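Enquirer: Need coordinates for the below:
(chains A, B and C)
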Amino acid sequence: MPEGHSVHRIARQIERNFEHVPVAVSSPQGRFAAGAAQLDGHEIVQSKAVGKQMFLEFDHGLWLRVHLGIYGSWDFAGDITTGRAATASTTRMGQTNQSGSNAVDAEASQSSIGAPRLTRVRMSEQEQVEPDAEIFPPEPVGAVRVRLLTPTAVADLRGPTACEVLTIEQVDAAIRKLGPDPLVDDLAEGEERFTAVVRKKRTPIALLLMDQSVVSGIGNVYRAELLFRARQDPFTPGKDVSEEVVRGLWRDWVKLLNIGVETGLMLTRDGLTPRDQAKARRSRADRYWVYHRTGEPCRLCGADIQMQELGGRKLYWCPVDQG
DNA sequence: TGCCCATGGTAAT
DNA sequence: TTACCCTGGGCAG
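Expert: Model (predicted):
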């Protein structure tokens, strides 16, 4: 459910608060007990995101691979730094939060001296920061697959699709299967790889954008929005999409991913007035061009936004602007 | 309050 | 192809 931007934010959060200190690794839920025992007591030396997957390297050469899937999330609590100011609260980075507020904004508003000593951050698609009076460390809530605990910070992982211990060879193999990620790979090389693969395939461009071996990190929201922004018919086979449009899709993904990592939100409409920009941040209904807007009028031409299931996922598009 | 759906991907069948 | 992961928001009642 989190698309690429949130996984990069989570990796950075772990980098800030969990690297280079011994980490107690446990599995309160029990399902990851054996894996946790392999990592327990070691230091995290590297935290890296590639597409929608996160890889944590421990000091004895083993790695933890996590994929959040459709409803996985990380909860952070304790003395959490969210990249702008050091506070102590609970931060949850994970599920949707309708207010549209994000970790950085919330933090900025409460980071004065004397702020509550516990912060809670939930990281998934969007983020929520709240002051929290709980005793540290807080009791695990729900089915916590993995808990990372240092003397001052805790991270709880719930509901992941994938969570496993890997060797470096296995990590390399996993990353080799993934298409280019603008925040990992050289941008020019990434553009060439993406363009070459797309222009060889008969598969509809809408499916290629969701294929993590073609390009990393794009999910259902970004897919629909990127295609609208390019005014591209989603059903056109990759090989029939003009090279200019294919390169444009990559460059637009680079742009949207950077905005997403910066803001914690999937902001896909630019050129808005400051007032409309604020509205788009606040409510999902105003945020997107076509995603989740079946039957509503296109924001440009007024035509009904269409929806069709493709490859098991819902695809949204404007039949006129993308026709 | 209870039901449905969701920003995926894995693994069993 | 289907079940699973088993959460949280939206919405009907």
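Enquirer: Can you find the helix or strand in chain A with the smallest mean pLDDT?
Expert: helix A:103-110 (a mean of 32; mean pLDDT, DSSP states H and E).
Enquirer: Would you mind giving the domain segments of chain A?
Expert: For chain A, automatic domain parsing gives the domain ranges A:4-174, A:187-317.
Enquirer: So which of the ones you listed is nearest A:P180?
Expert: domain A:187-317 (3.4 Å; Cβ to Cβ). From N, CA and C alone the C-beta is placed, and that goes for glycine too.
Enquirer: ok, the residue in the stretch 151-300 of chain A that DNA strand B sits nearest to - contacts?
Expert: Minimum separation of the stretch 151-300 of chain A from DNA strand B (Cβ to the nearest atom of the strand) falls at A:G219, amounting to 2.3 Å. Shown in contact with A:G219 (Cβ atoms under 8 Å, 6 or more residues apart in numbering): A:M1, A:P2, A:E3, A:G4, A:K52, A:M210.
Enquirer: let's see 10 Å
Expert: A:1-6, A:51-52, A:70, A:125, A:209-210, A:212, A:266, A:313 (Cβ atoms under 10 Å, 6 or more residues apart in numbering).
Enquirer: so which of those residues also contact DNA strand C?
Expert: A:I70 (Cβ under 7 Å from any atom of the strand).
Enquirer: Can you tell me which of the contacts of A:G219 has the most neighbours?
Expert: Among the contacts of A:G219, the one with the most neighbours (other Cβ atoms under 10 Å) is A:P2, at 31 neighbours.
Enquirer: and the residue nearest to A:E191 when sequence neighbours are not counted, helix, strand or coil?
Expert: Once flanking residues are discounted, A:E191 sits nearest to A:W250: 4.8 Å by Cβ to Cβ, 6 or more residues apart in numbering. Here A:W250 is recorded as helix under DSSP: H, G, I helix; E, B strand; the rest coil.
Enquirer: wait, A:W250 sits on A:V198?
Expert: Yes. Contact criterion Cβ atoms under 10 Å: A:W250 and A:V198 qualify, at 8.8 Å.
Enquirer: if I look at the two, which residues touch both of them?
Expert: By Cβ under 10 Å, 6+ apart, A:W250 and A:V198 have these common neighbours: A:V215.
Enquirer: from memory A:L157 sits against A:G69, does it?
Expert: No. Counting by Cβ under 10 Å, A:G69 is not a contact partner of A:L157; they are 11.3 Å apart.
Enquirer: can you list residues touching both of those two?
Expert: A:C163.
Enquirer: neighbour-wise, which of these two wins?
Expert: Per other Cβ under 10 Å, whichever of A:L157 and A:G69 has more neighbours is A:L157, with 25 against 14.
Enquirer: burial measure for the closest residue to that one other than its chain neighbours, as a count.
Expert: Closest residue in space to A:L157, ignoring its immediate chain neighbours: A:V146 at 4.3 Å, by Cβ to Cβ, 6+ apart. A:V146 has 23 neighbours, counted by other Cβ under 10 Å.
Enquirer: now swap in A:I14 and tell me
Expert: If we define neighbours as other Cβ under 10 Å, then A:I14 has 25 of them.
Enquirer: For chain A, give me the ranges with low pLDDT.
Expert: Residues of chain A meeting the criterion pLDDT under 70: A:1, A:82-128, A:130-134.
Enquirer: which residue ranges form the helices in it?
Expert: A:4-18, A:33-39, A:103-110, A:168-176, A:187-198, A:205-210, A:220-229, A:243-263, A:274-282 (DSSP state H).
Enquirer: So what touches the fourth one?
Expert: Which is helix A:168-176. A:48, A:50-51, A:53, A:55, A:57, A:61-65, A:67, A:162, A:164, A:166-167, A:181, A:184, A:213, A:216.
Enquirer: Just the C-alphas of that helix, formatted as CSV.
Expert: C-alpha atoms of helix A:168-176 as CSV (Å, rounded to 0.1, in the frame of the first residue of the first chain):
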residue,chain,number,x,y,z
ILE,A,168,24.4,-10.4,0.9
GLU,A,169,24.2,-12.7,-2.1
GLN,A,170,20.4,-13.1,-1.6
VAL,A,171,20.1,-9.3,-1.2
ASP,A,172,21.9,-8.7,-4.5
ALA,A,173,19.7,-11.3,-6.2
ALA,A,174,16.6,-9.6,-4.9
ILE,A,175,17.8,-6.1,-6.0
ARG,A,176,18.8,-7.5,-9.5
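Enquirer: quick one: buried residues of it?
Expert: With burial defined by 16 or more other Cβ atoms under 10 Å, the residues of helix A:168-176 counted as buried are A:V171, A:A174, A:I175.
Enquirer: Tabulate these (JSON lines), appending distance to DNA strand C.
Expert: JSON lines is the format used below for the buried residues of helix A:168-176 (distance: Cβ to the nearest atom of the strand, whole Å):
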{"residue": "A:V171", "distance to DNA strand C": "22"}
{"residue": "A:A174", "distance to DNA strand C": "18"}
{"residue": "A:I175", "distance to DNA strand C": "22"}
